[in-house]
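Asker: Next input, structure requested:
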Amino acid sequence: MYSMHWTMENRNNVTVFILLGLSQDRNVEVLCFVFTLFCYLSIWMGNVLIMISITCSQLIDQPMYFFLNYLSLSDLCYTSTVTPKLMTDLLAERKTISYTNCMVQLFIIHFLGGIEIFILTGMAYDRYVAICKPLHYTVIMSRQKCNTIILACCVGGFVHSASQFLLTIFLPFCGPNEIDHYFCDVYPLLKLACTDTYRIGLLVILNSGLIALVSFMILMLSYLLILYTISAYPLESRTKALSTCSSHITVVIIFFVPVLFIYIRPNVTFPEDKVFSLFYTIIAPMFNPLIYTLRNMEMKNAIRNLWHHHLFLERK
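Answerer: Residues are numbered from 1 along each chain as shown. Presented below is the predicted three-dimensional model:
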């Protein structure tokens, strides 16, 4: 009982964390703010455009675009957990976050990040069924099945995030309180804990690292099967399938490689972690709309029809 009381008391010694951010140089911070603002505006414009175009067209009836709609929503929520706070801190003299807000940010980031990983896996499964089992596609990928997959993504994200949260919430923090990052994440927090965190670090690998690695391997396997299947297709059909798959593979690589770099290793932190984190918190959500619209004729047509309809109503 005394030991538990001592731990809770020491944990409560730190009520505020100081975020060291991306840089200590003021000029670099200003440049980072301009870059982050541009990315955040692009993320909102691109993802909102995708969601409106899909929702207001017949594309919403197709499983791939049904998942893409949720991926865009997930991207918006995910990046909004980190980016506004980062931009505020880049202009602030003192970058702080309360203990409670830090834990909330940690939970939400891993919850939405988990959902994103599972949605990308669901999209790969959809493409595998569409290309490798086209005759059974409408039966296998029914709307009920798609809704079940999205629900499973949310449950999976919650279980993953709750595990990360529980590994961190009971850690004792008795100083120092400087987090060498621009948001609250598990490894930077483990570095500050005044207790042995080796076993917790292994559990983080088993949780975050293993989920990312297994999902990445499933994704790559599904795309290898797809590439093998389309090798027998006529040239025109093969080109269309390759275009769709290459878009998905690009998204997967941009998102998963930095995640694996950070979470598949033991409990250590590197200065490069902050740069790699930018890829899956800001850069990937910004590129997703570009990749899925610029290389997709159906999305281009949906956006074009949406604007033509809007202009027609305005003229009328």
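Asker: all contacts plus neighbour counts: C-alpha atoms, from now on.
Answerer: Will do.
Asker: The nearest residue to residue 75 once chain neighbours are set aside: what's it in contact with?
Answerer: In this structure, residue 75 finds its nearest non-sequential neighbour in residue 285, 5.3 Å apart by C-alpha to C-alpha, 6 or more residues apart in numbering. Neighbour list for residue 285: 43, 72, 75, 76, 79 [criterion: C-alpha atoms under 8 Å, 6 or more residues apart in numbering].
Asker: Looking at the residues you listed, which is nearest residue 252?
Answerer: Set against residue 252, the nearest of these by C-alpha to C-alpha is residue 75 (13.4 Å).
Asker: List the ones among the contacts of residue 285 that fall in helices.
Answerer: In helices, defined here by DSSP state H, the members of the contacts of residue 285 are 43, 72, 75, 76, 79.
Asker: Any chance of TSV for the residues you listed, columns pLDDT?
Answerer: Output for the ones in helices among the contacts of residue 285, formatted as TSV (pLDDT from 0 to 100):
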residue	pLDDT
43	94
72	92
75	92
76	94
79	94
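Asker: just these now: which is nearest residue 139?
Answerer: The closest of the ones in helices among the contacts of residue 285 to residue 139 turns out to be residue 72 (C-alpha to C-alpha; 25.5 Å).
Asker: Now flag whichever of the ones in helices among the contacts of residue 285 is closest to residue 242.
Answerer: residue 72 (22.1 Å).
Asker: Show me the two of the contacts of residue 285 that sit farthest apart.
Answerer: Pairwise distances among these were taken by C-alpha to C-alpha; the largest, 10.7 Å, belongs to 72 and 79.
Asker: nearest spatial neighbour of the most centrally placed residue in the chain, skipping sequence neighbours?
Answerer: Taking C-alpha atoms, centre = their mean as the criterion, residue 113 is the residue nearest the geometric centre of the chain, at 4.1 Å. The shortest distance from residue 113 to any non-neighbouring residue, by C-alpha to C-alpha, 6+ apart, is to residue 78 (6.7 Å).
Asker: right, and that neighbour touches residue 117 too?
Answerer: No - with contact defined as C-alpha atoms under 8 Å, residue 78 does not reach residue 117; the gap is 11.7 Å.
Asker: Sort out which residues of stretch 100-115 are buried, please.
Answerer: For stretch 100-115, the neighbour count (16 or more other C-alpha atoms under 10 Å) marks 102-103, 105-115 as buried.
Asker: Using a markdown table, lay out those residues together with secondary structure and pLDDT.
Answerer: Shown next, in a markdown table, are the buried residues of stretch 100-115 (DSSP: H, G, I helix; E, B strand; the rest coil; pLDDT from 0 to 100):
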| residue | secondary structure | pLDDT |
| --- | --- | --- |
| 102 | helix | 93 |
| 103 | helix | 94 |
| 105 | helix | 95 |
| 106 | helix | 94 |
| 107 | helix | 96 |
| 108 | helix | 95 |
| 109 | helix | 95 |
| 110 | helix | 95 |
| 111 | helix | 96 |
| 112 | helix | 95 |
| 113 | helix | 93 |
| 114 | helix | 94 |
| 115 | helix | 95 |
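Asker: Tell me the one of the residues you listed nearest residue 234?
Answerer: Taking these together and measuring to residue 234 by C-alpha to C-alpha, the closest member is residue 115, at 35.7 Å.
Asker: what stretches of this structure score poorly on pLDDT?
Answerer: For the chain, residues meeting the criterion pLDDT under 70 lie at 1-12, 237, 244, 294-296, 307-316.
Asker: No further queries at this time; thank you.
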